[in-house]
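Asker: with the input below, show me the fold.
(chains A, B, C and D)
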Number of protein chains: 2
Amino acid sequence: MSETTRALRSDAERTVRTILEAAERVLSRNPAASMEQIAEAAGVARTTVHRRFASREALVGAMAAWATRQFAAAVEAAHPDNTPPLVALYQVTANVLRVKLDWGFAMSRALSADPEVARVHADVEERCRRLFHRAREVGVLRADVDPEWARRVYYALIHEAAESRDGDADAMATRLVDTLLRGVGTGRGLG
Amino acid sequence: MSETTRALRSDAERTVRTILEAAERVLSRNPAASMEQIAEAAGVARTTVHRRFASREALVGAMAAWATRQFAAAVEAAHPDNTPPLVALYQVTANVLRVKLDWGFAMSRALSADPEVARVHADVEERCRRLFHRAREVGVLRADVDPEWARRVYYALIHEAAESRDGDADAMATRLVDTLLRGVGTGRGLG
DNA sequence: TCAATTTGCATCATAACTGTTGCAAGTCTA
DNA sequence: TAGACTTGCAACAGTTATGATGCAAATTGA
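Answerer: All right, here's what the predicted structure looks like:
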């Protein structure tokens, strides 16, 4: 590839990124927003968006693919298979929250569409299951709680924390893991 | 009102209910479904839907209003202000889950739109806050947990439980409250 | 059976969004 | 400066959803 082509492709890729980020901003507030609104938020003409993404579906797909790559990288960076479960839980949580704060809409759309995206998500989910299994084996997680329910609760808490945007990712992760493991009760029954 | 009118109005109201229930079924699966799809699911012509509801917005508004009434009644039935906090928590949870299982979409759209609906939701939220406050005072809830975060977690768990549809409302409520109060951890640290 | 009402059907108008194309103007590199 | 490429603008076609209306048929109670 010539230097010229590379430079020009850089420009194009910058535009693509700008559009993806604008789309995330707009669609996270209103999932039914039009291409026009997305283009306006990106500071480009609607035709430019259509030149870069053949259809609305392709745009959302690209958003999902991009967010999914970040997501997988965030989980990977925490080495969830090679650190003590509790440590991994904190690291994964904080890393994922950082991504989810910026790509909430894209991540919510990541389940359908592209098979490659679905595969990565299934991979991460499986990793999560393994992590929870290890946590249970070392006694961090209760044995009398359905692992699937525990995972669902974990996902729900991550979603809720990202929505609340209360504090930075580390503070949120700390509170989230605390709540996940200890709950919000004292254990004193009726008090 | 004449007997005739009453009988005829009864018919009309039956149709309205049929449409509302069909709309819930259809829109909970696909929020972007068309009026045509809703009409088909209700077994009526699209024009009939338009005759009963001036616009799509009016239909969704009616769904929200209907679900909100059920929601408020579900909370009310548990007498959350006059029973021990832990008991009220169980009762409210089970009752709300029953409504949410049937009117998930309508309840998710209850926040915007109609001011009356918004008021009822604000009322219920305030009731929830009072309940949590009492629970904290009698030592059921930890004093070191932000009450607002606790409430958010509670809402998130209700949402997740309703999504999972794992078991009946009572079983779900039992598990939900257990998770809310004790979490899924053993409290044994790194194990 | 009569009268009121509701429904289905066909049809129409309108609006909005999507996606495409041609062309002039701009940018960046060689 | 020349060339390759990208962008904005304007205009267009096609599709789809929305909402309204007139009329015949069906229902229901009196």
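
Asker: what packs against whatever helix or strand residue A:17 lives in?
Answerer: Assigned by DSSP states H and E, residue A:17 belongs to helix A:3-29. Packing partners of helix A:3-29 (3 or more Cβ pairs under 8 Å, 6 or more residues apart in numbering or on different chains; DSSP states H and E): helix A:35-42, helix A:46-52, helix A:56-76, helix A:104-108. Any C-beta I mention is one placed from the backbone N, CA and C, and that applies to glycine too.

Asker: the inter-axis angle of that helix versus helix A:35-42?
Answerer: Helix A:3-29 runs at 110 degrees relative to helix A:35-42, counting by axes from the mean of the first three to the mean of the last three Cα atoms, to 10 degrees.

Asker: circling back to that earlier point, just name the most buried of the helices and strands packed on helix A:3-29.
Answerer: The highest average neighbour count among the helices and strands packed on helix A:3-29, using mean count of other Cβ atoms under 10 Å in any protein chain shown, belongs to helix A:104-108 at a mean of 21.

Asker: ok, then the element right after that helix?
Answerer: Taking DSSP H and E, what comes next after helix A:104-108 is helix A:115-137.

Asker: list of residues touching that next one?
Answerer: Contact with helix A:115-137 is made by A:61, A:64-65, A:68-69, A:71-72, A:75, A:80-81, A:85-86, A:88-89, A:92, A:110-112, A:141-143, A:147, A:150-151, A:154, B:191, as judged by Cβ atoms under 8 Å, 6 or more residues apart in numbering or on different chains.

Asker: mean confidence score for it?
Answerer: For helix A:115-137, mean pLDDT is 96.

Asker: same question, stretch A:62-79
Answerer: pLDDT averaged over stretch A:62-79 gives 96.

Asker: ok, that stretch near DNA strand D or not?
Answerer: No. Stretch A:62-79 lies out of reach of DNA strand D by Cβ under 7 Å from any atom of the strand, never closer than 14.5 Å.

Asker: any weak-confidence spans in chain A?
Answerer: Across chain A, the ranges flagged by pLDDT under 70 are A:1-10, A:189-191.

Asker: ok and the helix holding residue A:17 relative to helix A:56-76, angle-wise?
Answerer: Using the same axes, to 10 degrees: helix A:3-29 against helix A:56-76 is 90 degrees.

Asker: which parts of helix A:3-29 are buried?
Answerer: A:15, A:16, A:18, A:19, A:20, A:21, A:22, A:23, A:24, A:26, A:27, A:28 (16 or more other Cβ atoms under 10 Å in any protein chain shown).

Asker: next one: residue A:34 from residue A:23, what distance?
Answerer: Between residue A:34 and residue A:23 the computed distance is 11 Å (Cβ to Cβ, to the nearest Å).

Asker: same deal with residue A:119?
Answerer: Counting by Cβ to Cβ - residue A:119 and residue A:23 are separated by 23 Å.

Asker: export stretch A:112-123 to CSV, keeping only CA atoms.
Answerer: Backbone C-alpha positions of stretch A:112-123 (Å, rounded to 0.1, in the frame of the first residue of the first chain) are rendered in CSV as follows:
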residue,chain,number,x,y,z
SER,A,112,-28.0,-10.3,17.7
ALA,A,113,-26.6,-9.7,14.2
ASP,A,114,-23.0,-10.7,13.4
PRO,A,115,-22.1,-14.3,14.2
GLU,A,116,-18.5,-13.3,14.9
VAL,A,117,-19.7,-10.8,17.5
ALA,A,118,-22.0,-13.4,19.0
ARG,A,119,-19.1,-15.8,19.3
VAL,A,120,-17.0,-13.3,21.2
HIS,A,121,-19.8,-12.6,23.6
ALA,A,122,-20.4,-16.3,24.1
ASP,A,123,-16.7,-16.7,24.7
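
Asker: leaving out the residues flanking it, which one is nearest to the spatially most central residue of chain A?
Answerer: For chain A, the residue nearest the mean C-alpha position is residue A:100 (4.0 Å; Cα atoms, centre = their mean). Leaving aside its chain neighbours, residue A:100 sits nearest to residue A:162 (4.3 Å; criterion: Cβ to Cβ, 6 or more residues apart in numbering or on different chains).

Asker: care to break chain A down by domain?
Answerer: Domain assignment for chain A by automatic domain parsing gives A:1-53, A:60-182.

Asker: including distance to residue B:158, could those go into TSV?
Answerer: Shown next, in TSV, are the domains of chain A (distance: least, Cβ to Cβ, whole Å):
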stretch	distance to residue B:158
domain A:1-53	22
domain A:60-182	10
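
Asker: from the middle of its chain, how far away would the helix or strand containing residue A:92 be?
Answerer: Using DSSP H and E, residue A:92 maps to helix A:85-102. Helix A:85-102 sits 10 Å away from the centroid of its parent chain (Cα atoms, centre = their mean, to the nearest Å).

Asker: same check, this time on stretch A:33-48
Answerer: On Cα atoms, centre = their mean, the centre of stretch A:33-48 falls 24 Å from that of its chain.

Asker: near DNA strand D, anything from that stretch?
Answerer: Yes. Looking at stretch A:33-48 against DNA strand D by Cβ under 7 Å from any atom of the strand, the contacts come from A:43, A:44, A:45, A:47, A:48.

Asker: which of the residues you listed sits closest to residue A:186?
Answerer: Nearest to residue A:186 among the residues of stretch A:33-48 next to DNA strand D is residue A:43, at 52.4 Å by Cβ to Cβ.

Asker: isn't that closest one right up against residue A:21?
Answerer: No. Applying Cβ atoms under 8 Å, one finds residue A:43 not in contact with residue A:21, separated by 10.9 Å.

Asker: identify the residue nearest residue A:79 in space, chain neighbours excluded?
Answerer: Per Cβ to Cβ, 6+ apart, closest to residue A:79 is residue A:88, 7.0 Å.

Asker: right, I mislabeled it, should have said residue A:33
Answerer: That would be residue A:26: by Cβ to Cβ, 6+ apart, it lies 4.8 Å from residue A:33.
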